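Trainee: give me the fold of what follows.
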Amino acid sequence: MERPNWAPESIDLDRPNAARIYDYLLGGAANFAQDRTFADKLLEVMPEARPAARLNRAFLRRAVRFCVESGIRQFLDVGSGIPTAGNVHEIAQRMDPACRVLYVDSEPVAVTHSELMLRDNDRAASLRGDLVEPTAILESEVAHKLIDFTEPVAVLMVAVLHFIPDSAAPHAAVARYVSAMAPGSFLVLSHGVELPSASRADEVDELYQRSANPGVRRSPADIERFFDGLTLVEPGLVWTPQWRPEDAEDVGEHPEASMVCAGVARKPLPA
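Mentor: A predicted model of the protein is given here:
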């Protein structure tokens, strides 16, 4: 297909990509025909995928507000995706303009769009990087410029870890970020959960095997391991609409339809 003038040369136009699929599910425009075709097929198998994406985005907004209210003024958003309504810097800087945000993603479209959005914002930046290469991210020049790891920080990994296989050692990578966080910092995380229907799971697996980002199913117990060494804040690891909803009606009768578990945990202060 023809490459748009805003699309970096490094983009693979032949295979759908998780960040661009998510962008399409959220109503964004930074996606290609292959991404839309994939998403439409996904919605045929799993119609709840679109509301699940929106519920996950709503969790992100609530978690960022919680972190700012808890005193956090710097954010490292790893696997940030393509900018859409309610970005981390917009939420945080609306509450306190002094908040600093570093977005990290491996998808060139996400980084390019973030750079365009942040051209006039000296307290936010974008970096191309891979979650499972924490040293490269934590020791990057832009991270040293924006993030003071001797002070509390919120590290966000929202709807990204379920695209990282166990062979890439995601638990060890997350532990490396946690070790770099100062006491009082927060880890904000959401992760897709194993599907209850084996037949649907097989169909979804078959779809994702054709994408650039095959998914990984993990149980809530596997997901909770990402919080090792941290203290989960109330209400713990729950379905996305159950995490500190703004209105009880927002949870609905079937929060499990969100298909994504979410939690926020704090690094303990010294005794």
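Trainee: flag the shaky bits of the chain, pLDDT-wise.
Mentor: Confidence mapping of the chain against pLDDT under 70 gives the ranges 1-14, 85, 194-215.
Trainee: so Asn87 sits against Met117, correct?
Mentor: Yes. Using Cβ atoms under 8 Å, Asn87 is in contact with Met117, at 7.4 Å. Just so you know, the C-beta spots here come from the backbone N, C-alpha and C atoms, and that holds for glycine as well.
Trainee: those two: who's more crowded?
Mentor: Between Asn87 and Met117, counting by other Cβ atoms under 10 Å, Asn87 is the more crowded of the two (24 against 16).
Trainee: what are the phi and psi values for the more buried one?
Mentor: Main-chain dihedrals, Asn87, degrees, to the nearest 10: phi -70, psi 160.
Trainee: for it, give me its contacts.
Mentor: If a contact means Cβ atoms under 8 Å, 6 or more residues apart in numbering, then Asn87 has Met117 as its contacts.
Trainee: could I get the contacting residues of the spatially most central residue of the chain?
Mentor: By Cα atoms, centre = their mean, the mean C-alpha position of the chain lies nearest to Val158, the distance being 2.4 Å. Contacts for Val158 (Cβ under 8 Å, 6+ apart) come out as Asn56, Phe59, Leu60, Ala63, Asp77, Gly79, Val188, Leu189, Ser190, Ala262.
Trainee: so for stretch 109-127, first residue to last residue, what's the gap.
Mentor: Distance between the two ends of stretch 109-127: 12 Å, counting by Cα to Cα, to the nearest Å.
Trainee: for that stretch, buried residues please.
Mentor: Of the residues in stretch 109-127, 109-114, 117-118, 123-127 count as buried by neighbour count, 16 or more other Cβ atoms under 10 Å.
Trainee: among those, name the ones in strands.
Mentor: Using DSSP state E, Ala124, Ala125, Ser126, Leu127 are the members of these that sit in strands.
Trainee: would you turn those into a markdown table with distance to His144?
Mentor: Formatted as a markdown table, those follow (distance: Cβ to Cβ, whole Å):
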| residue | distance to His144 |
| --- | --- |
| Ala124 | 15 |
| Ala125 | 11 |
| Ser126 | 15 |
| Leu127 | 11 |
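Trainee: mind listing what the residue lying closest to Gln93 once chain neighbours are set aside touches?
Mentor: Of all residues not flanking Gln93 in the chain, Cys99 sits nearest, at 5.0 Å (Cβ to Cβ, 6 or more residues apart in numbering). Counting by Cβ under 8 Å, 6+ apart, Cys99 touches Val68, Ile72, Arg73, Gln74, Phe75, His89, Ala92, Gln93, Arg123.
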